[in-house]
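Asks: Give the three-dimensional model of this entry:
(one chain, ligands or ions: 1)
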Amino acid sequence: MSRHSRKAKRFLADTNRATWHDETLWMVRNKRDRAAELVDEWEALRQQASDIKEQALENMPRYVREFKEAAILNGAIVMEAPDDVIMRGYIDTILRGNGALRVVKSKSMLTEECGLNEYLIKQGFNVVDTDLGECIMQLRKEPPSHIVLPAIHLRKEEIGETFHSHLGTEAGASDPTYLTQAARQYLRQQFLSAQAAITGVNFAVAETGTVVVCTNEGNADMGVHAAPIQIHCMSIEKIIPRTTDLGVFTRLLARSATGQAITTYTSHYRTPKAGGKMYIILVDNGRNERLYHPTSRNTLKCIKCGACMNTCPVYRRSGGHSYEQVIPGPIGSAIAPLRNFRKAAGLPFACSLCGSCTNICPVKINLHEQLYQWRQELNTYRATPLLRRIILKIAARVLSNNTYYRMAGSIGRFFLRHFPWLLKLPMWAWTNGRHLPQPARQTFQQWYARNASKQSK
Ligand code: SF4
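Replies: Numbers count the residues shown, from 1 in each chain. Predicted structure coming up:
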């Protein structure tokens, strides 16, 4: 059993949680469908977005250069970090250099990927996540389980307990309005005392050097406006060529993520505010490797809407933490093997290959095809369990030979009829979790041979 399967099994043991997790995400998926149906040109928009990203990927070095030049002309300080270690080092230096010990942060999957919070806290900085979901997860010292809805796996009662322990709310209180107000009071103090604000970036426009940040809570804006130092962390694939491209993505992003027509706050940061400093950190951390990897290249088109998670039958029933990745779900499973193929070897095999993620993705990433491709690559690298490789070798022989196929069918039916418990042994994870059918009394071929001869008489 893979690591993912073991964790998914644990998640599913809490039937109540697993059911509403599944139903809630399916509701978000339905909201997305209704929002998309209202846009006549939806499919054309998806194609346009995919084409723009393709153009950006093909000319990545040029657009990175153009973006940097424009941002520097605007007055921003631009730094390039080839990996997470250098990125963390840059931020440490910026904060120390400006005497900023209190930091507020808005949601950024890149900073999660680079382990920024843990690092800064270890170095003595006070770092507070200000997105409500992220704030809950930070208080609980747990990673987010979804890229858009970080605390979607938690009940309101659990959040009430967390707030009671950390923010002093009433014991047993779980009313969402009461809890949100408590979070608001807590976060307001953090905003007002912060000396630096760190944000992620949704899009960066090469021709103007602008970074665009989308939030529903306005927390990135609160942080940037209140603190003298603003630091925007972005991975290089966030760059799009022109301002006119932006509308294509903002229309797709909010609808795909939550079914909203537009994200509540879409903020454009171009120049430092009076008396302030604006830093932009361009992070590679494996993107260039992905850019030249034939299977994974398209994952760089991702706009982090989370729609593939909401639609995925496996993600909805196994929960984000079962993936053990910063980015879970179909897109996470497609990215992870390139970073650590041994640890992530189980993820492409968890996929049902239903293709729902590919159909819903606003930038048309061929997710299920990539996962299928990864299965073959992982097998070639011998990263899959030996038993599975042996079984697949045998299956290939059986399925390509008519006589073996018929023999295997007879044996299988015999065991299924007389010893069904054998397939329920713990070692057979695949049959263990399934309801097995009663084998038919005769095969179609036997039936046909009998009836065809009767017909001809
Ligand atoms: S892969 Fe597509 S659907 Fe999934 S998060 Fe990225 S853009 Fe959204």
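
Asks: contacts for the lengthiest helix in the chain?
Replies: In terms of residue count, the longest helix belonging to the chain (DSSP state H) is helix 15-37. With contacts defined as CB atoms under 8 Å, 6 or more residues apart in numbering, helix 15-37 is touched by 11-12, 42, 149, 152-153, 155, 254-261, 307, 309-311, 315-317, 319, 360. Using the backbone N, CA and C atoms, a C-beta is placed for each residue, glycine as well.

Asks: Could you rerun that using 7 Å?
Replies: Here helix 15-37 makes contact (CB atoms under 7 Å, 6 or more residues apart in numbering) with 11-12, 42, 152-153, 255-256, 258-261, 307, 310-311, 316-317, 319.

Asks: okay, the residue in the stretch 1-150 of the chain that the ligand sits nearest to: pLDDT?
Replies: Closest approach of the stretch 1-150 of the chain to the ligand (CB to the nearest ligand atom) occurs at residue 147, with a separation of 6.6 Å. What the model reports as pLDDT for residue 147 is 96.

Asks: same question, the one 10 residues further on
Replies: According to the model's per-residue confidence, residue 157 sits at a pLDDT of 96.

Asks: what are the phi and psi angles of the spatially closest residue to it that is not a sequence neighbour?
Replies: Of all residues not flanking residue 157 in the chain, residue 174 sits nearest, at 4.6 Å (CB to CB, 6 or more residues apart in numbering). Main-chain dihedrals, residue 174, degrees, to the nearest 10: phi -140, psi 10.

Asks: Distance check, residue 174 against residue 141.
Replies: According to CB to CB, to the nearest Å, residue 174 stands 20 Å off from residue 141.

Asks: The two - which one has more neighbours?
Replies: Neighbour count, other CB atoms under 10 Å: between residue 174 and residue 141, residue 174 has more, with 17 against 7.

Asks: Report the contact partners of that one.
Replies: Contact analysis of residue 174 by CB under 7 Å, 6+ apart lists 156-157, 160.

Asks: Give me the pLDDT for the residue positioned nearest the centre of the chain.
Replies: For the chain, residue 327 is the residue whose C-alpha lies nearest the centre (CA atoms, centre = their mean; 3.5 Å). Note on residue 327: pLDDT of 96.

Asks: dump the residue contacts of the residue of the stretch 351-457 of the chain found nearest the ligand.
Replies: Ranked by CB to the nearest ligand atom, the top residue of the stretch 351-457 of the chain for proximity to the ligand is residue 361, at 3.3 Å. Each residue near residue 361 by CB under 7 Å, 6+ apart is listed here: 307-308, 367.

Asks: Now go through the residues you listed and say which are in strands.
Replies: Among the contacts of residue 361, no member falls in strands (criterion: DSSP state E).

Asks: ok, and which of those residues reach the ligand?
Replies: 307-308, 367 (CB under 6 Å from any ligand atom).

Asks: Can you tell me the SS state at residue 279?
Replies: Under DSSP: H, G, I helix; E, B strand; the rest coil, the three-state class of residue 279 is strand.

Asks: what's around it, how many residues?
Replies: Number of residues near residue 279 (other CB under 10 Å) recorded here: 21.
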